[in-house]
Structure formats: structure tokens, C-alpha cells
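Asker: What follows is a protein structure lacking sequence information:
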Ligand SMILES: O=C[C@H](O)COP(=O)(O)O
């Protein structure tokens, strides 16, 4: 669990952040054109992508039975006939399932019933997902409710209005209280990047969230018009890198929203590999939040 580090970083220093959009776009083009991982067996990258998925269902009609199905799929993402041909040393699982607070108990019971040897984390969205526009008191209660029902990770949403009006101290204080409400569960902070107005705001919100104790920063709820794009990912990677340089603490990245194809997933792996290094490509530091990516990845596993 990451402890708040406000004493290490000076919030005033964020005033001088100016990110140039065309530089970011050019850097993304350079990274993809000079893909340093393209020579590596692509099956490894597809399997890596599967292992970092937070397999998500966040629909208004989610029921106990579809959460049970989701958990079964998270535990056995690759069909036995393909698994046999791959001859892996151990079965691959997705890193987590991600559900609404009222479905956490169902996920907990489903996973317990399966008696797995390797853990699948249970992530719950919280804090008035997706808008975050609810009283702080009830947003904190939602976190505690999800934790008490078995969530090991909490994906909170920021109140975007605090970013848009530059209320950085208020934002820091809110995230710090969310951190506290999580107890031992991990805190992932959803920035809602499509609604933050600028790359500068995305960078600053990333920094404030990490300073306040986020274990991960996450791009989107999946409900905004603009979700996880690579240029936004680059801005967030740079914030994570800067934070690591200043504190020695590694914070995770979770792109989510609109990631649907194998190419999308591999591009994110390439970005993180290039910007943060191979040590970030583990479920501890990188996740892909997605509701419909898994089937596409499985279809793209090549078997002899
Ligand atoms: O956190 C995960 C997102 O809500 C999933 O978005 P998606 O349905 O576009 O994959």
C-alpha cells in the first residue's frame, strides 16, 4: 500500500507544468514506429495482455449469475484445447475482475467456490462511479462497503470539477481520505481523462493522486466520450516516471475504456515497456481495464 507523500513533493511545483500536445503526438508516433518489442514472439505479448486484464462488467443489468460467469472466465480465460497446445507451466488468469459495489459479494463468493491456487483480485468501482458527483461522505461509505464485502482493490473516480477549477488541495484531501477508507485494499484512482480539459490537468491530477496515496492511476471510467488514448497514456507514464524519480516509489498504470483489439493491447504494452521499463509489465504495476478485449486476445493466440 502506498503512503501519502505530500511532504516529499511540493504541490506548488505543479504550477509550472506545460505539456505540448504536438510533442506528445510526435513521441507516440516515434515509440510505435521504433517498437522495441516487435521482435519478441507475439504470443508472449498476447498472453501477457491476458494476464494483466481487469475483466470488467459495469452494466446496469449486472446480476449475480453474470458476475459468476465473469469470474469463471477470469479463472479460465483460455479454452482447454488451446491451453493444451500451448503447454504452459501454469494456467493463466486475468489479474482481477472489476464490478460495481453491489456485485462484489457475488464475485467474492464465486472466486471462493472455485478454490483457486492463484489469486484473482476483486476490484470494485466506488465513489459515485462514473461521475463522482456525490457527497464525500457517501463516496467514502461506498469504499468501506466494497472492502467489507471482499474487494481487494477499489477503483475510485475523481470529482473532475476539482481539477477543472484548479482546487488541488481539495483534490489531494479527498484522495487522501479515500486512501484511508480503503484500509489494506489497493487504491486505483480513475482520473476521467476525457473530461479533464488538457494534458496539463491530466499530468497534475496524476501527480496529486500519487502524492495522496494512489497505488495505481487509471485513465477512464469507460463511460466518457474520450477514453484511454496512447497520448494520454504517455502523459500519465511521464508523471509516474517523475514520481518514481522523486520518491523511489513505483505506481501502477491502468488504461481502461475502449481497449478492444489485440493491437490496442499490444500498443499499450509497448508504451509502458518503452516509457517505464519491463519491470512495469506485471499485474502489480500494469492493468488493462476491459469488458470485451479478452475474447479478441484469445482468438489471436497462435497455435501450431
Ligand atoms: O474499467 C473498465 C472500463 O469500464 C471498461 O471499458 P470497456 O467496456 O470500454 O472495455
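Answerer: Looks like it arrived, so ask away. All values reported here derive from a predicted model rather than from experimental measurement. Numbers count the residues shown, from 1 in each chain.
Asker: List, one by one, the residues from the chain near the ligand.
Answerer: Taking CB under 6 Å from any ligand atom as the contact definition, the chain meets the ligand at 56, 58, 98, 221-222, 256-259, 289-292. Glycine gets a C-beta too; all of them are placed from N, C-alpha and C.
Asker: Do you know the pLDDT at residue 17?
Answerer: At residue 17, the pLDDT value in this model is 89.
Asker: Now for the residue nearest to residue 64 when sequence neighbours are not counted, how many residues are close by?
Answerer: Sequence neighbours aside, residue 106 is the residue nearest to residue 64 in space, at 4.4 Å (criterion: CB to CB, 6 or more residues apart in numbering). By other CB atoms under 10 Å, 23 other residues sit near residue 106.
Asker: before we move on, the earlier item: can I have the buried ones of the residues of the chain next to the ligand as a ChimeraX selection?
Answerer: Buried members of the residues of the chain next to the ligand, identified by 16 or more other CB atoms under 10 Å, are gathered into one ChimeraX selection as follows:
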select :56,58,98,221,222,256,257,258,259,289,290,291
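Asker: nearest to residue 138, of the residues of the chain next to the ligand?
Answerer: Using CB to CB, residue 221 comes nearest to residue 138 of the residues of the chain next to the ligand, at 17.7 Å.
Asker: Any figure for the gap between that closest one and residue 181?
Answerer: Per CB to CB, to the nearest Å, residue 221 is found 19 Å from residue 181.
Asker: For the closest residue to the ligand within the stretch 201-304 of the chain, grab phi and psi.
Answerer: Among the residues of the stretch 201-304 of the chain, residue 222 lies nearest to the ligand; the distance is 2.5 Å by CB to the nearest ligand atom. The phi/psi pair for residue 222 (degrees, to the nearest 10) reads phi 90, psi 0.
Asker: buried set for stretch 233-247?
Answerer: Those would be 233, 234, 235, 236, 237, 238, 239, 240, 241, 243, 244, 246, for stretch 233-247 by 16+ other CB under 10 Å.
Asker: for the first one, what are its contacts?
Answerer: Meaning residue 233. Residue 233 makes contact with 219, 253, 255, 268, 271, 272, according to CB atoms under 8 Å, 6 or more residues apart in numbering.
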